[in-house]
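Colleague: Fold the stuff below for me.
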Amino acid sequence: MNTANLAKVDRAADLISENGKSSDPGVIDALVDSGLPKAVAREYLILIPIAFAHMMFRDYPRLLSKKCRITLIGEAAVRTLDLRDIETFQLACEVALSWQRKAVGGEKVLAVAGRSAEFNAINGILNQGSRLEDVRCVPVHLLGLEFVPKLLKPWWKFW
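Modeller: Coordinates of the predicted model:
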């Protein structure tokens, strides 16, 4: 795993948490002010919360879909990707697990995961009295992206 990119994702997750009450444009501005290009800041703001939500619910593997649908700006075609093949998602999962190992406060983790639409939908359903075991999420659909996230190479393409 690329340690430089892991450190960037860790810092970005920190900034997302610190700006928990800010709007998405406000968080993107904070990420850009930290030195990230705007497209990367947008990617991080989308994928890091999704990864944190997945880590929070990892004991319920059937709850969240591992698939992701992406529609790029100006394209009608929908691409389906496995979230686990997206580098930023994998790095953010590592960061979420490292925060857990370091016993980072739950409020800080919630400030990141809480930006995920999946997390908010699950929270709303649970508040209505449903049981977590009865909930299933459809794949995340990311509309109007400017990028295709960097994919990790499958193991058979390394040699």
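
Colleague: Next one: Glu75 from Arg42, what distance?
Modeller: Using C-beta to C-beta, to the nearest Å, one obtains 17 Å as the distance from Glu75 to Arg42. Glycine gets a C-beta too; all of them are placed from N, C-alpha and C.

Colleague: Which one's more surrounded, these two?
Modeller: Using other C-beta atoms under 10 Å, the more surrounded residue of Glu75 and Arg42 is Arg42, with 19 against 11.

Colleague: ok, longest helix in the protein?
Modeller: helix 38-56 (DSSP state H).

Colleague: Just the pLDDT for the closest residue to Arg62 other than its chain neighbours.
Modeller: The shortest distance from Arg62 to any residue other than its chain neighbours is 6.6 Å, reached at Arg136 (C-beta to C-beta, 6 or more residues apart in numbering). What the model reports as pLDDT for Arg136 is 88.

Colleague: The one 10 residues further on too?
Modeller: According to the prediction, Glu146 has pLDDT 70.

Colleague: Can you verify my assumption that it contacts Arg42?
Modeller: Yes. Here Glu146 reaches Arg42: they are 7.1 Å apart, a contact under C-beta atoms under 8 Å.

Colleague: quick revisit: what residues of the longest helix of the chain count as buried?
Modeller: By neighbour count on 16 or more other C-beta atoms under 10 Å, the buried set for helix 38-56 is 40-56.

Colleague: how far out from the middle of the chain is it?
Modeller: For helix 38-56, the separation from the chain centroid amounts to 3 Å (computed by C-alpha atoms, centre = their mean, to the nearest Å).
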